[in-house]
Each structure stands twice: as structure tokens, then as C-alpha cells.
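Novice: Return a 3D structure for these sequence lines:
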Amino acid sequence: MEQAATIKNPPPPGLFGKNDGSVIILGTPKVNPYTVSNMQSAYSTLSSSGIIPSHPINIRTTYYYVKFKPQNSNQYQALTSDTTIDFSDIPIEANITQDGDYYHDPSLPDSIPTYQYAAVPPNYDFIDSIPYEIISNIYIPETDSSFIDGNSSTDVYIDKLLDQAYVQTNNFEDTVKNDPQRGCFYPGGIIRVFDTRLNTYIGMEGVRVRARRWFTTYYAFPDYNGNYRMKSCFRRPCNYSLVYARSYFAIRWHLFGTTAWINGPKLNGDWNFDMADGIYRFAGHIFRGAFRYNYKDIEGLARPGSFFNYRRQVYIAVNDNKNWQGINWEVFPIIKIARFRGETDAEYDSDEIFSTTCHETGHTTHYLAVGTLQFLLTTSEIRESWAIGIEWLLTHLEYAERGINNYGDETYSPANPPEYPNQYAYQYWGKEQGADDYTSLFINLIDNYNELGHFFPNVLLTGTINDQVSGYTLPNIESYLSSSFSLQSLSVQLKGHKPAGVSDAQIDLLLSFY
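Specialist: Residues are numbered from 1 along each chain as shown. I've put the predicted structure just below:
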């Protein structure tokens, strides 16, 4: 087998932001060897040479090769929400002559998602409103359960049938004859992302890694350390790729784009990939925040997908300078995360991108829990302070798990500190700073620290809030958040659910500072 290939991407050009990004360029397409007619021809050629299977094979339509034509972002979202189908921005038979960061069919305007290509079973339930074209009927012998019986003679025949189908369509590089010593290998490797807070590479846990040979695709999801391995093997080189998506969320490069992905190499060995810098690393940390919220420990908080009215969340990785760090269009499942600070070229640190992702996703769960009208009636102070509490808790969990045990607490203030609320647990907040909506309220309800009179040297501020309250948890507060749309209604709920040792007077005292 080939040696494992390690690719460290240099900072690529920006995508739909500071630069135009680099476009994948396609050449003359390959001829599809999997059409029913070509497979029947290959079978006949083998039979005429005396090569026949040990038991009957039924070459028939096992899949349709389809070109889907979504007309807008909503149709694309509806189409690709079906995670049982492997959709591709690029035609399966494409011949890539120049690799790049993305592909958009040149015949389409940027405001329309690019065509999607997939192999679907004959009983696939097409969405009536989404135009499509069946390119060809195909037969995939590698996945034909009616023929595969586990015997080595059957495997040998499939290899011969595939080789003949490839030869007839000039796909010589895919033949076993091209490398007769090649064994069956299980695609795998390690995927990592550089974390600027930890100053090291960490595993890109949970991201979707694909290994594809024509119409057969295997998946694996890297573990905590970034290691992944497919459960099925290939006898021929496979095309690797990485997709920034899971069932509950997806990341895009821009609003009208398709799910962000990285086109990897074609190998018959492991693919190791480091997101060293640039847009790939940026999107990687958005993915980490969304993955934590949806799949990892969040101490009992409601996950976005737990609500009956949940819609797959879309995160836009905005590769540009903005005067905001994150924006959530709650009525639509769209969250935007910016890469650069204000009008500078300074990137947000990895933990800040992670934290902002959790903050904005916290708005989503709040909105889904209470509904549109109640959410709009909730004061901005409650909405933003709740999201502040969410990001503070989840970012602490993530980075304590990664080795910074005091991350986000009242003692945490490194040389290159993160933005609020993760420096000093935001215990320096006060109304006099003018940040009336983005407060420390929910942090103070759950922590066990009274900041009154404490000096925080790296921000040159002294705590002004007399916080005698502790013992609440965010999941507990979340259970009555729908009845907490102002400080007054929150006060009623806090008093009705107060922990042992907390008095109404202490609650009143704390809330008087907000």
C-alpha cells in the first residue's frame, strides 16, 4: 500500500469574503462504467471468455444516478437533510484538472445552489418541488446483497467484472490489473485542527470524513484525538473528502452556498489532514462549537434537535471583517460567525470562535423553547445574558476537558485573554460599562463567587455586584425560561425554584444590579 499522505494546508485564499477563493476546475468528464448497459456488456465479454460467476448474477438497476436542481437555499436544505444519501457538488464522473476550495456550476448564478449529484435507490422518495434529472440507471456490484455471499470466488468475479467495466470505459487507473498486489484496505487516518488557545493541534472530533469510489461511499467520524477508520474496505484507490456537517447542523461558506467541504486526495492508504490555518481552521472551530452543543456533554441543557419545531441549523463561516462577532436570524435557521475582528486583519482565537458559536446556538434553543412571539417579547437583557451564560459554561467544559482546568473562572486571565465572558468569568461586569444587555446575570446565578470589591488587574476593574446567590443550574433555569421574559418575571421564577440556602432577599439584591 501507499504511505499515509499528510496534507497541511497553507492559509488558502478567502471564500466569498476578503478574497474570492479558488474554484475547482473540471475537465473532460470520465465515462461512467456503472451504467446497466456497460455492466451487461462487461458480463457478456467475460462470459464469452469462459469467465462466469459461481452463481447467477442479476445485472439490473440498483440505483439511479441523479442530477438534482434545487432552486433556492430552502430546497437545498430540504434535499440534503436526508443524511442517508451522499450528495456531491461535483458530478461523480468529473475529472478535476485544478483543485480548489469550492465548486459552483458556471452555468448558474451565485444566488442559486449548485447542482447536486447522487446515487439513489429505485424507491427513493423524490421531493416534487425540486427539479431533477435521472442521468443514468446504474448497477453497483460491490453493494448487490442478492449476489454477494461472502465467498472468495464471488469477490474474485466482482473484481473481474469491475475491471472489464473500467477497461471498456477507459478508466484504467481503477483496475485491479493496474496494481495486482493491492490488498483490501480500510480507509482511515487522523484529522486535526490547530487551536490557538492551546497552541497545539487537537482532534477534529465528529466531523464527517468520506471515502468514495465512484458511487460507493463510506463514512467515519474522528474520535477525540482525531483518529478515524472506515468499517468497510476498498481494493482500489478512493477519493477522500471532509464535510462540515452532521444530521443537526451544517456549515456553509456563504448564505446561498452548499455545505462546506474539503476535497482530499485519491489514495489507497491513509489520509492525514491538519487544518493549520485559514478558512478551514476557522470553519473547524465553528464545527467544534456546534458539535459540542449537539452531541457532547452540556450538563443537561436542551439540545437544538430536541425540539419538535427544530430545523437543521446552518452556520455561515463569514471570511471577512465585521463589526459583529456573531449574528443569529432566529426566525430562520441561519447563524453567521465572523472570522476577523472589526476593521482589522486579526483573527478571533479558536476559543472565541467556539464560544461565539455556542452563544448564537444558545439563542436558537431559547427561541425554539419559547416560540417566536414569546422570544420577541423577552427583553434583550434576558436574551443576551442567557446566551452569555450558555457560552461561558460550554466553553469552560470544552477547554477544561482539553487541559485548562480554570478556563473561564474568576481567576482565568491569560496573557492573550479571550473576549468576554471567558476572562475572569465576566465578574468585572457592571452597568457603568454600558453593556446593559450582555450581562453576567446567569453566570452569577450559578457560580459560587461574590465579586464585590475584588480587583481584576488585567482589565483594571473592580467587581461592583454583591452576589450572594449560588446553587442554580442553567438546565434548571432553562426549564422555566419560557416564563422568564423580563427581570420581574425571572425574579418570580427564581424565587419559586430557589436552591436551599438562598433567600428571596438575596435574589432581590442580586437582580437590583441589573
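Novice: Quick check: which ranges of the stretch 1-150 of the chain have low pLDDT?
Specialist: 1-21 (pLDDT under 70).
Novice: Which parts of it are helices?
Specialist: 36-48, 73-80 (DSSP state H, counting those that start in this stretch).
Novice: In CSV: these, plus mean neighbour count and distance to L461.
Specialist: In short, each C-beta sits where N, CA and C put it, glycine included. Shown next, in CSV, are those (neighbours: other C-beta atoms under 10 Å; distance: least, C-beta to C-beta, whole Å):
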stretch, mean neighbour count, distance to L461
helix 36-48, 16, 72
helix 73-80, 19, 43
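Novice: Tabulate these in TSV, adding columns for distance to N448.
Specialist: Converted to TSV, those look like this (distance: least, C-beta to C-beta, whole Å):
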stretch	distance to N448
helix 36-48	68
helix 73-80	43
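Novice: Between these, which one is closest to L397.
Specialist: Ranking the helices of the stretch 1-150 of the chain by proximity to L397 (C-beta to C-beta) places helix 73-80 first, at 29.4 Å.
Novice: quick one: the closest one to chain centroid distance?
Specialist: 16 Å (C-alpha atoms, centre = their mean, to the nearest Å).
Novice: Figure out which of the helices of the stretch 1-150 of the chain is closest to I127.
Specialist: Among the helices of the stretch 1-150 of the chain, if distance is taken as C-beta to C-beta, the winner is helix 73-80, at 6.1 Å.
Novice: got a list of what the residue nearest to I130 when sequence neighbours are not counted touches?
Specialist: In space, and not counting its chain neighbours, I130 is closest to Q75: 5.1 Å by C-beta to C-beta, 6 or more residues apart in numbering. Q75 makes contact with P113, I127, S129, I130, according to C-beta atoms under 8 Å, 6 or more residues apart in numbering.
Novice: Filter these down to the buried ones, ChimeraX style.
Specialist: To isolate the buried members of these in ChimeraX, using 16 or more other C-beta atoms under 10 Å:
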select :113,130
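Novice: Using TSV, lay out the contacts of Q75 together with distance to H396.
Specialist: Putting these into TSV (distance: C-beta to C-beta, whole Å) gives the following:
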residue	distance to H396
P113	37
I127	42
S129	44
I130	43
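Novice: wait, which of the contacts of Q75 is closest to V243?
Specialist: P113 (15.3 Å).
Novice: check contacts around the closest one.
Specialist: Here P113 is in contact with P70, N72, S73, Q75, Y76, F256, G257, T258 (C-beta under 8 Å, 6+ apart).
Novice: What of I335?
Specialist: Q313, V314, Y315, I316, G326, I327, N328, W329, T357, E360, T361, T364.
Novice: picking up where we left off before, and which of the contacts of Q75 is nearest T35?
Specialist: Of these, the one sitting nearest to T35 (C-beta to C-beta) turns out to be I130, at 23.8 Å.
Novice: Quick check, the closest one in contact with L79.
Specialist: Yes - if you go by C-beta atoms under 8 Å, I130 and L79 touch, sitting 5.7 Å apart.
Novice: overlap in contacts of the two?
Specialist: Here I130 and L79 have F68, P70 as joint contacts, going by C-beta under 8 Å, 6+ apart.
Novice: Now find how far off-centre the longest strand seen in the chain is within its chain.
Specialist: Longest among the strand segments of the chain by residue count, using DSSP state E, is strand 313-322. How far strand 313-322 lies from its chain's middle: 13 Å, per C-alpha atoms, centre = their mean.
Novice: tilt between it and helix 73-80?
Specialist: 130 degrees (axes from the mean of the first three to the mean of the last three C-alpha atoms, to 10 degrees).
Novice: Could you list the paired strands of strand 313-322 along with their orientation?
Specialist: When pairing is defined by DSSP bridges, strand 313-322 lines up against strand 249-252 (parallel), strand 334-341 (parallel).
Novice: Distance to N171 and mean pLDDT added to those strands, as a markdown table?
Specialist: Below are the strands paired with strand 313-322 laid out as a markdown table (distance: least, C-beta to C-beta, whole Å; pLDDT from 0 to 100):
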| stretch | distance to N171 | mean pLDDT |
| --- | --- | --- |
| strand 249-252 | 32 | 94 |
| strand 334-341 | 40 | 93 |
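Novice: Deepest-packed of those strands, please.
Specialist: With neighbours defined as mean count of other C-beta atoms under 10 Å, the strands paired with strand 313-322 peak in mean count at strand 249-252, which reaches a mean of 26.
Novice: Give me the three-state assignment for the closest residue to I262 other than its chain neighbours.
Specialist: In space, I262 comes closest to L242 once its chain neighbours are excluded; the distance is 4.3 Å by C-beta to C-beta, 6+ apart. Three-state assignment for L242 (DSSP: H, G, I helix; E, B strand; the rest coil): strand.
Novice: could you pull out the strands for the stretch 201-350 of the chain?
Specialist: 208-213, 216-220, 227-229, 238-243, 245-246, 249-252, 261-267, 271-275, 313-322, 326-329, 334-341 (DSSP state E, counting those that start in this stretch).
Novice: averaged over its residues, what pLDDT does the shortest one have?
Specialist: I take that to be strand 245-246. For strand 245-246, mean pLDDT rounds to 94.
Novice: For it, give me every contacting residue.
Specialist: Against strand 245-246 from outside (C-beta under 8 Å, 6+ apart): G206, R208, I251, T259, A260, A290, F291, N294, Y295.
Novice: Enumerate every residue touching the fourth one.
Specialist: Which is T259. T80, V243, Y244, A245, A250, I251, R252.
Novice: okay, now the closest residue to S483 other than its chain neighbours: neighbour count?
Specialist: Excluding its sequence neighbours, the residue lying closest to S483 (C-beta to C-beta, 6+ apart) is Q493, at 5.6 Å. Q493 sits with 16 neighbouring residues when counted by other C-beta atoms under 10 Å.
Novice: can you check the one 10 residues further on too?
Specialist: By other C-beta under 10 Å, 12 other residues sit near S503.
Novice: Likewise for C358?
Specialist: 25.
Novice: can I assume it is in contact with R288?
Specialist: No - shown here, C358 and R288 do not form a contact pair, counting by C-beta under 8 Å, at 9.6 Å.
Novice: need the next SSE after the helix or strand the residue nearest to S483 falls within, C-terminal direction.
Specialist: Assessed by DSSP states H and E, Q493 sits inside helix 487-496. Going down the chain from helix 487-496, the next helix or strand is helix 504-511, by DSSP H and E.
Novice: Report the inter-axis angle for that next one versus helix 487-496.
Specialist: 150 degrees.
Novice: any idea of the pLDDT on the spatially closest residue to G284 that is not a sequence neighbour?
Specialist: Distances taken as C-beta to C-beta, 6+ apart put V193 closest to G284, at 3.9 Å, once the chain neighbours are dropped. pLDDT recorded at V193 is 98.
Novice: Direction included, what does the helix or strand containing V193 pair up with?
Specialist: Following DSSP H and E, one finds V193 within strand 188-195. Counting by DSSP bridges, the strands paired with strand 188-195 are strand 200-203 (antiparallel), strand 227-229 (antiparallel), strand 271-275 (parallel).
Novice: Please identify the most buried of those.
Specialist: strand 271-275 (a mean of 22).
Novice: Restricting to C-alpha, output it in PDB.
Specialist: Listed next in PDB are the C-alpha coordinates belonging to strand 271-275 (Å, rounded to 0.1, in the frame of the first residue of the first chain):
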ATOM      1  CA  TRP A 271      -5.400  10.300   4.700                       C
ATOM      2  CA  ASN A 272      -4.000  12.600   7.400                       C
ATOM      3  CA  PHE A 273      -5.100  16.200   7.300                       C
ATOM      4  CA  ASP A 274      -4.200  19.200   9.500                       C
ATOM      5  CA  MET A 275      -6.300  22.300   9.400                       C
END
